[in-house]
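>>> Build me a structure from this.
(chains A and B)
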Amino acid sequence: MNKDFRTTEEKLERTGQHVRLSDIEKAHMRAQLIRVTQEPVPSPFWKYILHINIVRFGVVPLLIVFLVTGGVATASANTLPGDALYVVKTHVLEPVRGIAYRGEESVYQKQLAQRRLSELVEVSEQGSVKEDTQQTILDLFDTHRKKAEQEAREVSVGEQIAVQSELESELRAHERVFADLDKDDIREKLQSRITIVVQARVESESELAFSTGNLEPVVQKKKGEALGVIKKYQKELDASQGGQIALQTQVQIDLAQQALEEAEKSEEAGSFARAIVQYEKAKRFAGEAGRVFALKNRFAIAPTQVAIDKVELLEKKTKAPIPEVVIMAVSESLPNEDSVATTNAISTQNVYEYFQAVVSAKASSIGIPRMYLSAFPGMQARDFNGVIANGGIYNVQEGKVAFVPTIDTEDGTSPETIEYEGHIRLLINIATRLGTEISSIESVDLILRQLTQTEGAQTEPLKRVDTPVKVRNESLEEQEELELPIDL
Amino acid sequence: MSEQNSLQEQFVESYDELSEVIFRHCFFRVSNREVALDLTQDAFVKTWKYLQKGNDIEDVKAFVYRVANNLVIDYYRKKKSSSLEALTDREEVSFQPTDDSHEQVVHIAEVEQVMKVLEHVEEPYKQAVILRHVDGLSPREIAELTGETANTISVRVSRGLEKLQRLMQEHE
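This next block holds a predicted model:
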């Protein structure tokens, strides 16, 4: 080997040493690969089916028209997974309609992904869902999600984030619905998909931070969208009958509002990439709230079995039908790992337990309305409307709290005392009246302060209706003041 | 730890170990940083998909090299293009200079020159030269990767270098 060759070799080797991945590139690629390794494995059957490009195999236009408008199309359009024609709908009808779709391909794919989740709920409502049916739907969902993300990416990173955010809201909302339906197996599958979508979104957001383009017009667009989404769902909530679902939805809307305010600050400071991310966050929170609200109403989600058991126990205790709102409250109060709970690192159940503990301590009694009314000037008789107690239920008659007994207590427990479930209803009633959310310990503290500080409220005496049971003769003076867990 | 998690962990470790060499190889083969990044990622994704199907890989490094090589061939089949645009546009992320800006400029100039010349070296000589003198593999390792004999590889490296050296002299 001569000297020139050696020089060439050395030059190549030296040059090679200077070509390296940057730390950012390496980390980004690593994150992408980790994401790939976490994606679920598609079932081989559907993978095969999805690779068949029906259009490529010369389906003539006439057949397309027939498929889109003909009897098969009509028959298959409303099919659900498990139906014979479902495969026609998902693998013929929808792709063909996609060709004719005039909007962005990413939007069409996103809509199909959303449709798959709705189908999952509908099928679940009809009973248990077979494992392969779940897999079929979720594989299709994954396919649509990926296509939606890829197509949006072709437009811009901002659009990709928008699609990822919307699908994330959709997944989170459905995950909450499946929690209510006690379908833990499906819920877990949705959770793994939420993780994937969140990672993808975070990566896209990081990418946006490095963007050198003019983001100001994008910020304006996102701001308008965020305001629109919040306004839309707030309007729907305002028009609703209230209740626990509405209250929890309101929490999400409030979080969306906070994100919106943060986004406006970033926008004012000229941090446009950050503003876009925060406007998307606002859209995401509001979108999730709206979807949960719509889904629960649309599918008339029944209380979970645990909730049903609890309600049945209450009915046995009171020998009276339990009002619908209380059933909902019991259902909603059960441990539920939703996004609100995650945000506040506290479960709904803890909030009610905390409320019960504090009011009992402050009133020096557990579950006696007149003691509560004495201790909390801001509490009103109507707050006790529909509150279940031991042996009966409270309602309001002529502006006064009345106890309607339904059964004599024979098991040695104190009659008329409000138990845990009653405290749920009591807190919901108070929060609804005050227009305050129940989202965290802090929010309960706020409500309790209002109840303590309100001036001019009159303590209203109890009224008893046809009572077969004696009222417990306890007075505030006879009780020792207990130390409160919070400074009221 | 589940079998799947263990597999994921091993795969990510392999990425940490091999990503630089696979990227460098792709970069020298296609002369385009962005394309090289995509090919590197695709090579690892394909490797993962292969593992996910329950297949065993005896030598991960050799396997990823083979996949990357196939991807490079596919790339040229689809689009015969080579550009130094990405290299010059993205010099701040193309290299990790250790010293002052003067040294960085020298490095960039060197890389540009080598890349320009390499573009004119035909396959399979280009592949052999890159595997031998950029990636630092032995003729035996290259032979295993490419399915050729070590002797054939040595001949290809030698002819490739000869061509490269002649082209470099022409460019100087």
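>>> Excluding chain neighbours, what is closest to A:A246?
Leaving out its chain neighbours, the residue that sits closest to A:A246 by C-beta to C-beta, 6 or more residues apart in numbering or on different chains is A:S240, at 5.0 Å. Where C-beta positions appear, they are placed from N, C-alpha and C, glycine not excepted.
>>> actually A:V229, sorry about that
A:A286 (4.5 Å).
>>> which parts of stretch A:24-41 are buried?
By neighbour count on 16 or more other C-beta atoms under 10 Å in any protein chain shown, the buried set for stretch A:24-41 is A:E25, A:K26, A:H28, A:M29, A:R30, A:Q32, A:L33, A:V36, A:T37.
>>> Other residues contacting that stretch?
Applying C-beta atoms under 8 Å, 6 or more residues apart in numbering or on different chains, the contact partners of stretch A:24-41 are A:21, A:138-139, A:142, A:189, A:192-193, A:195-196, A:199-200, A:203, A:206, B:8, B:11-12, B:15-16, B:19-20, B:37, B:40-41, B:44-45, B:48, B:52, B:93.
>>> Pull out the buried members of the residues you listed.
By neighbour count, with 16+ other C-beta under 10 Å, those hold A:21, A:138-139, A:142, A:189, A:193, A:196, A:199-200, A:203, A:206, B:8, B:11-12, B:15, B:19, B:37, B:40-41, B:44-45, B:48, B:52 as buried.
>>> The residues you listed in strands, which ones?
With DSSP state E as the criterion, strands contain none of these.
>>> helix or strand for whichever residue of the stretch 251-400 of chain A sits closest to chain B, which one?
Minimum separation of the stretch 251-400 of chain A from chain B (C-beta to the nearest C-beta) falls at A:A273, amounting to 18.7 Å. For A:A273, the element it lies in under DSSP states H and E is helix A:272-298.
>>> Over to A:G213?
Here A:G213 is assigned to no helix or strand, by DSSP H and E.
>>> okay, now it: neighbour count?
Look at A:G213: counted by other C-beta atoms under 10 Å in any protein chain shown, it has 13 neighbours.
>>> pLDDT wise, what is it at?
Note for A:G213: predicted pLDDT of 72.
>>> Longest helix in chain B, please.
Secondary structure of chain B per DSSP state H: the longest helix is helix B:3-30.
>>> what about that helix, distance to the chain center?
Computed by C-alpha atoms, centre = their mean, to the nearest Å, the separation of helix B:3-30 from the middle of its chain amounts to 12 Å.
>>> That helix vs chain A: in contact?
Yes. Helix B:3-30 lies within reach of chain A by C-beta under 8 Å from any C-beta of the partner chain, at B:Q8, B:F11, B:V12, B:Y15, B:D16, B:S19, B:E20, B:F23, B:R24, B:F27, B:F28.
>>> and stretch A:131-139, which residues are buried?
Neighbour count says stretch A:131-139 has A:T133, A:Q134, A:Q135, A:T136, A:I137, A:L138, A:D139 buried, by 16+ other C-beta under 10 Å.
>>> Among those, which lie within helices?
Using DSSP H, the buried residues of stretch A:131-139 in helices are A:T133, A:Q134, A:Q135, A:T136, A:I137, A:L138, A:D139.
>>> Could you list the domains of chain A?
Here the domain assignment for chain A is A:21-51+A:101-211, A:212-302, A:314-464, based on automatic domain parsing.
>>> Point to the residue nearest the middle of chain B.
B:H25 (1.0 Å; C-alpha atoms, centre = their mean).
>>> measure the closest residue to that one other than its chain neighbours to A:G16 for me?
Nearest residue to B:H25, sequence neighbours excluded (C-beta to C-beta, 6+ apart): B:D135, at 5.3 Å. Distance of B:D135 to A:G16, computed by C-beta to C-beta, to the nearest Å: 7 Å.
>>> so what sits against both of these two?
Common neighbours of B:D135 and A:G16, using C-beta under 8 Å, 6+ apart, are B:R24.
>>> and A:R425, what element?
With secondary structure defined by DSSP H and E, A:R425 is part of helix A:420-434.
>>> With A:V404 instead?
Short version, using DSSP H and E: A:V404 is in strand A:400-405.
>>> What is the neighbour count of the closest residue to chain B within the stretch 101-250 of chain A?
Of all residues in the stretch 101-250 of chain A, the one sitting closest to chain B is A:F210 (10.4 Å; C-beta to the nearest C-beta). Burial of A:F210 is recorded as 9 neighbouring residues (other C-beta under 10 Å).
>>> same question, A:F384
Neighbourhood size, A:F384 [other C-beta under 10 Å]: 29.
>>> for the one 10 residues further on, same thing?
As a burial measure, the neighbour count of A:Y394 was computed by other C-beta under 10 Å and equals 23.
>>> Enumerate every residue touching it.
By C-beta under 8 Å, 6+ apart, the neighbours of A:Y394 are A:P369, A:F384, A:N385, A:G386, A:V387, A:I388, A:V401, A:A402, A:F403, A:V404, A:I418, A:G422.
>>> Poorly predicted segments of chain B, please.
B:1-4, B:79-107, B:172 (pLDDT under 70).
>>> That one against chain A: which residues are in contact?
For chain B, the residues in contact with chain A (C-beta under 8 Å from any C-beta) are B:8, B:11-12, B:15-16, B:19-20, B:23-24, B:27-28, B:37, B:40-41, B:44-45, B:48, B:52, B:93-97, B:107, B:110-111, B:114, B:129-130, B:133-136, B:161-162, B:164-165, B:168-169.
>>> Contacts only, for the residue nearest to B:H25.
B:D135 touches A:G16, B:V21, B:R24, B:H25, counting by C-beta under 8 Å, 6+ apart.
>>> Let me see the domain layout of chain B.
Listed domain ranges for chain B are B:1-89, B:100-172 (source: automatic domain parsing).
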